[in-house]
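*Asks:* Model the structure of this input:
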Amino acid sequence: MLKHINWTRVLTILLVILASYAILYITGTILVRFAGAVFLFVLGAILAYILSPLVNRLELAFHARWLAILLSYLLVAAALLGLAVMLFSPFVQQSQSLIDNLHNPSSSSMERVGRIQHDAISLRTILDHQRHQVLSGGSISKTAVSQTSARVDSLAAELRTLLRKGPLRAPKPRQQANARQRGAAPPLQTRVPPSYVNSVLAPLLRVKANYDQIGAGSVDVPVAQIIAADKNARQVDAAARAMYHTVSTTPILLLDAQTWLDDHHVRVDLSSKFGQVAHEISSQGTSVLDNAITILSETATILLDTILVLIISIYLLSDGGRIIRASVTLVPADMREQAWFFIGSLDKVLGGYIRGQIFLSALAGVLGGGGAAILGVPYPLLIGIMTFILESVPVIGPMVAVVPAVAISLVFTPPLTSAALLVWFIVYQQVVTNILGPRIFGMAVGIHPLEALAAVLIGYPLGGLLGAFLAVPIAGILHILAKEAYAYFVLGHALPTAPVPGDAEETDASAETAKSVPVAR
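*Replies:* Have a look, this model is predicted:
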């Protein structure tokens with residue numbers, strides 16, 4: 001016998017689903033129009049959730065909510081000031097060092113390449129004159145041939161020197177020592193990529209072969225050899241100009257990557273593939289740096305937003321409990337215990353998740369930057385900060401956080417050091433993500449990792465990094481709602497309840513702002 005279907009309950013479930021979708025759609029449409037304000041309120045709420053445990057502890061000690069909030073912000077400000085004093089100088093130095101290595105070679109470092117370009121132009125001019133002289137019926141003396149051949153040999157020697165060493169800049173020992181003390185990398189001893197040098201040397205060697213044949217012949221200079229030498233000299237001139245332009249407009253890191261590929265006989269022209277992109281990025285960065293008004297405006301906007309976030313978080317810490325209780329009084333009396341259960345669940349999920357995620361991200365940043373410093377990888381502070389930011393993105397962040405660290409290591413350290421850093425990242429991320437993470441988030445969010453991954457993949461395109469960060473707790477809240485709705489509508493269970501604070505507690509509601517409410521069914 002099939003169980004009798006309660007069509008009224010089924011219809012109620014469908015109507016609830018449709019109504020929920022309509023409410024979410026309308027709410028989302030409205031919030032999108034005020035995305036900036038919503039973003040500030042979200043940041044303020046996150047800050048309030050982070051500080052609420054400290055505020056509650058201080059309130060128990062001093063019996064004054066406003067004093068507890070004030071002391072909490074003073075303690076946080078003092079801690080941030082201390083970190084700024086300790087980290088600001090090395091952070092600026094490491095950032096400047098990395099930017100220097102991302103820049104194009106300076107004009108002073110291009111002196112040798114510029115001299116080669118000048119000599120190539122001079123050689124082409126001489127051979128062009130000799131070609132016209134021969135074609136007009138004149139002759140070239142053996143002395144002129146010998147002098148031209150000497151010029152070719154001198155230019156070939158310069159190119160071979162550039163091919164063997166070719167540093168565009170060589171840091172002094174004191175600069176290297178100071179860079180290591182700051183945790184930064186010394187200026188790279190950038191070489192001109194061998195493929196660039198060979199593009200000039202190959203036609204030059206053909207010119208040399210032409211003049212070797214001329215010098216070994218009779219007194220009369222063969223016209224065909226002069227024409228061929230002139231043609232090859234034009235190729236030398238064009239290749240030298242191209243080499244100078246490419247080297248002077250290509251970031252140093254890209255030049256080093258091209259040199260590594262050439263040394264390992266990998267025929268890939270990075271300049272043609274990424275040069276335009278790098279040039280556009282550099283141009284955009286330069287235009288932003290040059291626009292002082294834009295920078296001042298953006299700085300003022302960020303400062304104002306920061307002040308607004310602080311004000312919002314202070315109000316939420318001070319009056320959040322009172323606002324919540326006043327909102328609960330708007331709910332019908334017979335539904336207040338169910339509403340309080342939802343508020344308690346929301347507080348547990350959001351508060352536990354946000355504080356846990358920030359703790360794990362900070363731990364990963366310390367371990368990542370500390371491991372880089374121990375292994376001798378430059379820019380450990382930058383690596384730690386980038387790791388902290390990327391680890392804040394759930395699920396995806398730990399997989400991406402290793403990329404910038406290993407990329408920096410590959411550029412400035414031997415491959416073995418980069419491999420050791422990669423192993424270190426994998427090991428500590430396993431501990432943080434698979435051992436500490438489930439213990440911290442298990443009771444807070446209570447969703448399957450696949451649900452978390454799906455939430456992040458949906459949240460990121462909708463709200464960027466903030467959307468990815470909040471996607472998991474929102475998924476946890478929806479999970480609770482769906483679970484309880486299924487238990488109520490399908491299984492016929494009663495809605496879960498939690499005791500609403502009494503009147504005595506309402507007189508001092510702010511003391512209980514961020515405390516989770518015990519759940520009773």
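*Asks:* Could you list the low-pLDDT ranges of the stretch 101-250 of the chain?
*Replies:* 101-104, 106-109, 165-190, 215-221 (pLDDT under 70).
*Asks:* the helices in it, which residues?
*Replies:* Under the criterion DSSP state H, counting those that start in this stretch, helices of the stretch 101-250 of the chain are mapped to 111-135, 142-164, 173-182, 194-216, 223-249.
*Asks:* As CSV, the ones you listed with distance to residue 319 and mean neighbour count would be great.
*Replies:* (Glycine included, C-beta is placed from N, CA and C.) Shown next, in CSV, are those (distance: least, CB to CB, whole Å; neighbours: other CB atoms under 10 Å):
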stretch, distance to residue 319, mean neighbour count
helix 111-135, 67, 18
helix 142-164, 71, 16
helix 173-182, 46, 13
helix 194-216, 67, 19
helix 223-249, 58, 19
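*Asks:* Among those helices, which comes closest to residue 383?
*Replies:* helix 173-182 (13.9 Å; CB to CB).
*Asks:* Export the helices of the stretch 101-250 of the chain as JSON lines, with columns for distance to residue 368.
*Replies:* JSON lines is the format used below for the helices of the stretch 101-250 of the chain (distance: least, CB to CB, whole Å):
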{"stretch": "helix 111-135", "distance to residue 368": "38"}
{"stretch": "helix 142-164", "distance to residue 368": "38"}
{"stretch": "helix 173-182", "distance to residue 368": "18"}
{"stretch": "helix 194-216", "distance to residue 368": "35"}
{"stretch": "helix 223-249", "distance to residue 368": "34"}
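*Asks:* nearest to residue 402, of those?
*Replies:* Closest approach to residue 402 among those is made by helix 173-182 (23.7 Å; CB to CB).
*Asks:* Buried residues in stretch 390-407, which are they?
*Replies:* Applying a neighbour-count criterion of 16 or more other CB atoms under 10 Å, one finds 390-395, 397-398, 401-402, 404-406 buried in stretch 390-407.
*Asks:* got a list of contacts for that stretch?
*Replies:* For stretch 390-407, contacts defined as CB atoms under 8 Å, 6 or more residues apart in numbering pick out 357-358, 360-361, 364-365, 368, 372, 377, 383, 386-387, 418, 421-422, 425-426, 429, 432-433, 449, 452-453, 455-457, 460, 465, 468-469, 471-472.
*Asks:* Helix or strand: which one has residue 348?
*Replies:* In this assignment (DSSP states H and E), residue 348 forms part of helix 336-375.
*Asks:* buried residues in that helix?
*Replies:* Within helix 336-375, judged by 16+ other CB under 10 Å, the buried ones are 336-358, 360-361, 363-365, 367-369, 371-373, 375.
*Asks:* Find me the pLDDT at residue 68, would you?
*Replies:* Here, the pLDDT recorded for residue 68 equals 89.
*Asks:* what's near enough to touch it?
*Replies:* 55-59, 61-62.
*Asks:* any idea how far it is from residue 131?
*Replies:* To residue 131, residue 68 is 90 Å away according to CB to CB, to the nearest Å.
*Asks:* Likewise for residue 417?
*Replies:* Distance from residue 417 to residue 131, by CB to CB: 55 Å.
*Asks:* And residue 401, by the same measure?
*Replies:* On the measure of CB to CB, residue 401 and residue 131 end up 62 Å apart.
*Asks:* Next, format the buried residues of stretch 390-407 as a markdown table and append distance to residue 308, secondary structure and pLDDT.
*Replies:* A markdown table is the format used below for those (distance: CB to CB, whole Å; DSSP: H, G, I helix; E, B strand; the rest coil; pLDDT from 0 to 100):
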| residue | distance to residue 308 | secondary structure | pLDDT |
| --- | --- | --- | --- |
| 390 | 27 | helix | 85 |
| 391 | 27 | helix | 85 |
| 392 | 21 | coil | 79 |
| 393 | 24 | coil | 75 |
| 394 | 26 | coil | 70 |
| 395 | 30 | coil | 67 |
| 397 | 27 | helix | 78 |
| 398 | 32 | helix | 80 |
| 401 | 30 | coil | 87 |
| 402 | 35 | helix | 89 |
| 404 | 31 | helix | 86 |
| 405 | 34 | helix | 89 |
| 406 | 38 | helix | 88 |
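*Asks:* of the residues you listed, closest to residue 22?
*Replies:* Nearest to residue 22 among the buried residues of stretch 390-407 is residue 394, at 28.6 Å by CB to CB.
*Asks:* Tell me if I'm right that residue 41 and residue 313 touch.
*Replies:* No. Judged on CB atoms under 8 Å, residue 41 makes no contact with residue 313 at a distance of 9.7 Å.
*Asks:* OK, contacts around the residue most central in space within the chain?
*Replies:* Nearest to the geometric centre of the chain sits residue 386, at 6.2 Å (CA atoms, centre = their mean). For residue 386, the contacting residues are 401, 404-405, by CB under 8 Å, 6+ apart.
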